[in-house]
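> Here is a sequence together with a model predicted from it:
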Amino acid sequence: MKAFGAVVAIALALALQTMLDRFLARGPAVDLVLVAVVYVALTSGPVAGMFAGSVAGLIQDSLTAPIVGIGGLAKAVVGFFAGAFAQQFIVTATLPRLLIFVVATVVHAAVLMGLYTVLQSGTLAASWTMIAKQALGNALVGAVAFAVVEAVPGVMERRRIARRSRH
Amino acid sequence: MAVLEIRQRIGWLFVALVFAHLVLISAQAKTARGMSVLSSIAFGTLAGIQGAATSAVGGVRHAWQDYFALQEIRQQNEQLQEQVGQLQLALQQARTEAAQSRSLQDLLTLKRDLPLATKSARVIGYAPGLMFRTMNIDKGSDDGLMRDMAVIAPSGVVGRIFHTSPGSSKVQLLIDRNAAAGALVERSRVQGVVEGNPTRFGLLLKYVSSSADIKVGDRVVTSGIDGIFPSATEVPSSGETASTGGGFPKGFVIGQIESLEKRGWQYDNVVVRPAVDFSTLESVLVVLKRPTGEAIDAAIGRQGAATGGNEAR
């Protein structure tokens, strides 16, 4: 069930990200795929986070990046360490989650830029301002996503109870 | 324990995934030369392995070739050393022949310039004893050689024949203790007798008056009064016997005064260094002039002891 949920989350994130990229000409202020990967990692552990990041990154790379694998590697690293961190510490509160998203975004950007710098003669694609904005955006979206996802079962339960009471 | 193993497996899994991604990236990323990083790494690695293998094979091959080359070089070295030995021998022979040629050339010059009839002979042996100094030549009575005939060389007087056989002769060297020759000092015309000096392996000029004008460095030549060695007037001015400017022809050179001492009414121990290096003589000329009767008698008289000594020896 978790795996299915992870796949759905990533597919949804990829679809939404593709659409967002069309509308945000100056670059996305949020990386939904990364948010999905971190989410999977926090909820399912490092292995799931790692594979989710790898697969999602590869797909994203194949769609957007000139070199397939860099994004996959960056997201796999982020997913692995985010999952490992979540196994060691309690990250159920909002603030730690925000912080994890911020850090994950920075790490993701650092890996991306590092690899591109090495492989493409030092061309830095993004500024730290953009990265900071994306980190904040990812944190907000991630926190909202967590809240929504965690709220869904309660809402569904309440609706079901309400339906039963009507009948 | 199980948790630790799981974590280790996860860690290895992470490393494997990262490695897979790096391989994937490397397959696409281009190097500055346009080649993919994966190809470059693979090529570099394989090239390194290939280079190492080539070096190893080359090393073995070179070692093998060097081994055979060394064997071949060793054989060549032996052959070359043999050739060097042969060439050194040939060179030595050539030098010897050149020296003999020069010696014969000098002898021929002397023979041509000398108005006296001469016979060339080759030195075939020495008898450098302590008491007597003689040498053997390859000409004898069959060649017209007789006892007491003078033996000369381009550089000066050698001695006289004191024994002949049909094919060889024995020559008494001038430095023999029993040898003597009439001599004069070329510069002052002072006469005397030169005798062998057994103690100094040279010659002594005797019977020179204390008033005579002689000094160290004076050249001593034959005077001819002994009837054996040609006189100064018989020898033309050529080569070693050339005139020194006085216009008076000199005789055969005996040697040069090396030291002298005056005692009483005559000089004592006038040492003459021989002009001839007897140790290097190879060819000589025998003057085919029959000695005078007096000379023969004197020679026979002088040789009495010598011959007896030789026979006793």
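Received it, and whenever you're ready, just let me know what you need. All values derive from a computational prediction rather than experimental measurement.

> Find the centremost residue of chain A, please.
Centroid-nearest residue in chain A: residue A:35, 1.8 Å away (criterion: C-alpha atoms, centre = their mean).

> list the contacts for it?
A:13, A:101, A:138, A:141-142, A:145 (C-beta atoms under 8 Å, 6 or more residues apart in numbering or on different chains). For the C-beta atoms, the positions are set from N, CA and C on the backbone; glycine is no exception.

> Could you confirm it falls within a helix?
Yes: residue assignment for residue A:35, taken from DSSP: H, G, I helix; E, B strand; the rest coil, places it within a helix.

> low pLDDT regions in the chain?
If you meant another chain, say so; for now it's chain A. A:1, A:20-28, A:64, A:120-126 (pLDDT under 70).

> Can you look at chain B instead?
Ranges of chain B meeting pLDDT under 70: B:1-4, B:31-39, B:42, B:46, B:50, B:127-132, B:198-201, B:230-250, B:290-313.

> ok, which residues in it are in contact with chain A?
B:10, B:13-14, B:17-18, B:21-22, B:24-25, B:28-29, B:32, B:37 (C-beta under 8 Å from any C-beta of the partner chain).

> Looking at those residues, which one is closest to residue B:205?
residue B:32 (102.4 Å; C-beta to C-beta).

> mind listing the helices for chain B?
Taking DSSP state H, the helices of chain B run over residues B:2-28, B:37-113, B:293-312.

> Please name the residues that touch residue B:207.
B:192-193, B:266.

> Could you do residue B:41 as well?
Residue B:41 sits next to residue B:26 when contact means C-beta under 8 Å, 6+ apart.

> how close does residue B:289 get to residue B:145?
12 Å (C-beta to C-beta, to the nearest Å).

> Comparing the two, which residue is more hemmed in?
Taking neighbours as other C-beta atoms under 10 Å in any protein chain shown, residue B:289 and residue B:145 compare with residue B:145 leading, 22 against 18.

> Next, the more buried one: phi, psi?
Torsion angles at residue B:145 (phi, psi; degrees, to the nearest 10) stand at phi -80, psi 140.

> Pretty sure it sits against residue B:139.
Yes: look at residue B:145 against residue B:139 with C-beta atoms under 8 Å: they come within range, at 5.5 Å.

> what residues are shared contacts of the two?
What both residue B:145 and residue B:139 touch, as defined by C-beta under 8 Å, 6+ apart, is the set B:119, B:121, B:169, B:286.

> Sitting in strands, which of the residues you listed do you find?
Under the assignment DSSP state E, these contribute B:119, B:121, B:169, B:286 to strands.

> tell me the contacts of residue B:134?
Residue B:134 touches B:126-127, B:159, B:162, B:170-173, B:176, B:310, counting by C-beta under 8 Å, 6+ apart.

> Relative to residue B:205, which of the residues you listed is nearest.
Distances from residue B:205 to those, taken by C-beta to C-beta, are shortest for residue B:176, at 15.9 Å.

> phi, psi of the closest one?
The phi/psi pair for residue B:176 (degrees, to the nearest 10) is phi -70, psi 150.

> what's the answer for residue A:45, then?
Dihedral angles (degrees, to the nearest 10) for residue A:45: phi 100, psi 180.

> mind listing what residue 136 touches?
I'll assume chain A. Applying C-beta under 8 Å, 6+ apart, the residues near residue A:136 are residue A:102.

> try again with chain B
By C-beta under 8 Å, 6+ apart, the neighbours of residue B:136 are B:123-127, B:168-171.

> got it, and residue B:91?
Applying C-beta under 8 Å, 6+ apart, no residues contact residue B:91.

> if I look at it, how far off is chain A?
According to C-beta to the nearest C-beta, to the nearest Å, residue B:91 stands 74 Å off from chain A.

> Got phi/psi on residue A:93?
The phi/psi pair for residue A:93 (degrees, to the nearest 10) is phi -80, psi 160.

> With residue A:45 as the reference, measure out to it.
Taken as C-beta to C-beta, the span from residue A:93 to residue A:45 is 19 Å.

> Which one's more surrounded, those two?
residue A:45 (19 against 9).

> That one touches residue A:88, doesn't it?
No: if you go by C-beta under 8 Å, residue A:45 and residue A:88 don't touch, sitting 11.1 Å apart.

> For the shared contacts of residue B:145 and residue B:139, which two are the farthest from each other?
B:119 and B:169 (10.1 Å).

> Which of those two has more residues huddled nearby?
Neighbours per residue (other C-beta under 10 Å) separate residue B:119 from residue B:169, with residue B:169 holding more: 26 against 17.

> Quick check: that one touching residue B:145?
Yes: taking C-beta under 8 Å as the definition, residue B:169 is a contact partner of residue B:145 at 5.2 Å.

> Show me whatever sits in contact with both of these two.
B:121, B:139, B:161, B:286.

> Out of the residues you listed, the closest to residue A:8 would be?
For the shared contacts of residue B:169 and residue B:145, the nearest to residue A:8 is residue B:121 (132.2 Å; C-beta to C-beta).

> So what's the residue count around the closest one?
23.

> can you give me the strands in the stretch 201-313 of chain B?
For the stretch 201-313 of chain B, the strands defined by DSSP state E, counting those that start in this stretch cover B:202-206, B:219-222, B:253-263, B:266-274, B:283-287.

> got the angle between the last one and helix B:37-113?
Taking axes from the mean of the first three to the mean of the last three C-alpha atoms, to 10 degrees, one finds strand B:283-287 and helix B:37-113 inclined to each other by 10 degrees.

> Would you mind listing what in chain A touches chain B?
Checking chain A against chain B by C-beta under 8 Å from any C-beta, the hits are A:46-47, A:50-51, A:54, A:66-70, A:72-73, A:76-77, A:80, A:84, A:115, A:119-121.

> same thing but at 7 Å, please
A:46-47, A:50, A:54, A:67-70, A:72-73, A:76, A:80, A:115, A:119 (C-beta under 7 Å from any C-beta of the partner chain).

> would a markdown table of the residues you listed with neighbour count, distance to residue B:52 and secondary structure be doable?
Shown next, in a markdown table, are the residues of chain A next to chain B (neighbours: other C-beta atoms under 10 Å in any protein chain shown; distance: C-beta to C-beta, whole Å; DSSP: H, G, I helix; E, B strand; the rest coil):
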| residue | neighbour count | distance to residue B:52 | secondary structure |
| --- | --- | --- | --- |
| A:46 | 22 | 40 | helix |
| A:47 | 19 | 39 | helix |
| A:50 | 28 | 37 | helix |
| A:54 | 25 | 35 | helix |
| A:67 | 19 | 31 | coil |
| A:68 | 20 | 33 | coil |
| A:69 | 25 | 30 | coil |
| A:70 | 28 | 32 | helix |
| A:72 | 26 | 34 | helix |
| A:73 | 25 | 31 | helix |
| A:76 | 28 | 35 | helix |
| A:80 | 28 | 37 | helix |
| A:115 | 20 | 31 | helix |
| A:119 | 19 | 28 | helix |
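
> Between those residues, which sits nearest residue B:206?
residue A:119 (115.4 Å).
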